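Trainee: sequence? don't have it. structure:
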């Protein structure tokens, strides 16, 4: 099974506002950059989209170390999702889970992989996280320039 390091990030100018997502995939000496964006979105949606698009770019099951600076993504996928699914995608207070469409997509995307989820503090000079942040901002720029 291939081992891949993935770094993801989301960005939003206004929240909601124009958003971008970015992912850096590293396998040995090979790197792949992914980014995109949406005109009207939230930072949390872009954080989720970065992970979904990164996993979607993989052609076969992999052992992944996935780095995110989003506690929302990390806790959502490692802690909260089991309860949400058991409650029919409702929170503990019986409210609908926000971004349920993306949580369901992420849940499906992760099934074929072995993923170690790791949190990294954002904007502290971590090279992989800084690259993912730059890619997310390229996604914002792409939308603002009319390219997305």
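Mentor: Everything's here; your move. Bear in mind the structure is a predicted one, so any value in this text is a computation, not a measurement. Residues are numbered from 1 along each chain as shown.
Trainee: I'd like the distance between the residue nearest the centre of the chain and residue 45.
Mentor: With distances taken as Cα atoms, centre = their mean, the chain has residue 51 as the residue nearest its mean C-alpha position (2.8 Å). Distance from residue 51 to residue 45, counting by Cβ to Cβ, to the nearest Å: 11 Å. Every residue, glycine included, has its C-beta placed from N, CA and C.
Trainee: and what of residue 124?
Mentor: Taking Cβ to Cβ, one finds residue 124 at 24 Å from residue 45.
Trainee: So which of the two has more stuff around it?
Mentor: When neighbours are counted by other Cβ atoms under 10 Å, residue 124 and residue 45 differ, and residue 45 comes out ahead with 21 against 9.
Trainee: Which residues are in contact with that one?
Mentor: Contact criterion Cβ atoms under 8 Å, 6 or more residues apart in numbering gives 10, 19, 38, 99, 102 as the residues in contact with residue 45.
Trainee: who wins for neighbours among these?
Mentor: The residue in these with the most neighbours, by other Cβ under 10 Å, is residue 10 (31 neighbours).
Trainee: For that residue, give me its contacts.
Mentor: Under the criterion of Cβ under 8 Å, 6+ apart, the contact list for residue 10 reads 19-22, 43-50, 70, 136.
Trainee: Now it: closest residue in space that isn't a chain neighbour?
Mentor: Leaving aside its chain neighbours, residue 10 sits nearest to residue 46 (2.9 Å; criterion: Cβ to Cβ, 6 or more residues apart in numbering).
Trainee: Which residues belonging to the helix or strand the one you found falls within are considered buried?
Mentor: Mapping residue 46 onto the secondary structure by DSSP states H and E places it in helix 43-56. Under the neighbour-count criterion of 16 or more other Cβ atoms under 10 Å, helix 43-56 has 43-55 buried.
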